[in-house]
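Colleague: Next one to model:
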Amino acid sequence: MTVAGGILLILTGIAVLGFGLFLFYAWLPLLYALVGFDIGILIGRSLTGDVGTLAVALGIAGAVLLGAASYFLEPYRRILLGVSGGFLFGLSVATALDLDSLLGGFFARLLAFACAMAGGILVPRFFNAFVVGASAISGAAIVMIGAHHLLPDVRLFDVASREPLPVMLLAALALAGAAWQTKNIAGWVHSLPGTPPGR
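Modeller: Residues are numbered from 1 along each chain as shown. Got it, this is the predicted structure:
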């Protein structure tokens with residue numbers, strides 16, 4: 001993995017971790033583009049074992065595809081976010097736990113598709129809570145993946161090692177992101193006139 005790839009994962013992970021709900025309300029296509037980029041990167045990593053040219057190309061394609069979909073499929077944006085966010089969540093967890101190395105990535109893809117289906121069903125019912133939770137967990141996992149690739153010898157970022165400290169750091173990052181978003185929901189929604197708060 002290139003240094004630039006690791007930095008991109010960390011930066012997009014931080015954006016999703018801390019501002020997932022705000023990005024949905026303020027810059028919907030940007031949120032979808034970030035989710036699509038991270039999905040493409042993780043699929044490319046799963047296919048090739050590294051984040052190289054193919055993974056970056058898939059990331060860009062995913063960003064363009066989901067960004068455009070958010071514009072053209074606007075009436076279905078909550079379902080689309082549930083499916084894509086659930087897919088990213090499943091891929092992030094599978095990558096963090098190294099499930100993409102089992103049976104050629106079968107379990108990783110199975111988890112991603114199951115999370116996508118669950119997201120498509122649950123998001124419209126519990127929208128704000130889902131976006132906050134999914135973006136916090138996915139963003140934290142993406143940050144950890146990027147940090148681990150930048151600093152492979154620092155075991156603190158290796159969630160796949162299943163040691164307690166990396167898992168605790170992942171959980172702490174996710175909780176901090178969820179707390180930050182929850183604290184700022186009211187201000188974000190009220191700063192955007194005409195935006196329904198969602199439930």
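
Colleague: Tell me where the longest helix sits in this protein.
Modeller: Ranked by number of residues, the top helix in the chain under DSSP state H is helix 164-190.

Colleague: How about it, which residues are buried there?
Modeller: Neighbour-count burial for helix 164-190, counted by 16 or more other C-beta atoms under 10 Å, picks out 166, 169-170, 173-174, 177-178, 181, 185, 188-189. C-betas here are computed from N, CA, C, even on glycine.

Colleague: can you give me the helices in the chain?
Modeller: With DSSP H as the criterion, the chain has helices spanning 3-26, 28-48, 53-72, 77-96, 106-122, 127-150, 164-190.

Colleague: Now tabulate these in JSON lines and tack on mean pLDDT.
Modeller: What follows is those, written out as JSON lines (pLDDT from 0 to 100):
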{"stretch": "helix 3-26", "mean pLDDT": "81"}
{"stretch": "helix 28-48", "mean pLDDT": "81"}
{"stretch": "helix 53-72", "mean pLDDT": "85"}
{"stretch": "helix 77-96", "mean pLDDT": "80"}
{"stretch": "helix 106-122", "mean pLDDT": "85"}
{"stretch": "helix 127-150", "mean pLDDT": "85"}
{"stretch": "helix 164-190", "mean pLDDT": "86"}
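
Colleague: can you tell me which of those helices comes nearest to residue 157?
Modeller: Proximity to residue 157 (C-beta to C-beta) singles out helix 127-150 among those, at 4.0 Å.

Colleague: what's the spacing between that closest one and its chain's center?
Modeller: Centre-to-centre, helix 127-150 and its host chain are 5 Å apart (C-alpha atoms, centre = their mean, to the nearest Å).

Colleague: Stretch 83-98 now?
Modeller: That offset, for stretch 83-98, works out to 7 Å (C-alpha atoms, centre = their mean).

Colleague: what's the answer for stretch 41-57, then?
Modeller: Using C-alpha atoms, centre = their mean, the offset of stretch 41-57 from its chain centre is 16 Å.

Colleague: now swap in stretch 174-187 and tell me
Modeller: Mean-position distance between stretch 174-187 and its chain equals 16 Å (C-alpha atoms, centre = their mean).

Colleague: CA-only coordinates of it in PDB, if you can.
Modeller: Extracted C-alpha coordinates of stretch 174-187, given in PDB (Å, rounded to 0.1, in the frame of the first residue of the first chain):
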ATOM      1  CA  ALA A 174     -16.300   4.900  17.200                       C
ATOM      2  CA  LEU A 175     -17.800   6.100  20.600                       C
ATOM      3  CA  ALA A 176     -16.000   9.500  20.300                       C
ATOM      4  CA  GLY A 177     -17.200  10.000  16.800                       C
ATOM      5  CA  ALA A 178     -20.800   9.000  17.700                       C
ATOM      6  CA  ALA A 179     -20.700  11.300  20.800                       C
ATOM      7  CA  TRP A 180     -19.400  14.200  18.700                       C
ATOM      8  CA  GLN A 181     -22.100  13.700  16.100                       C
ATOM      9  CA  THR A 182     -24.800  13.300  18.600                       C
ATOM     10  CA  LYS A 183     -23.700  16.500  20.400                       C
ATOM     11  CA  ASN A 184     -23.800  18.500  17.200                       C
ATOM     12  CA  ILE A 185     -27.000  17.000  15.500                       C
ATOM     13  CA  ALA A 186     -29.300  19.800  16.600                       C
ATOM     14  CA  GLY A 187     -26.900  22.500  15.400                       C
END
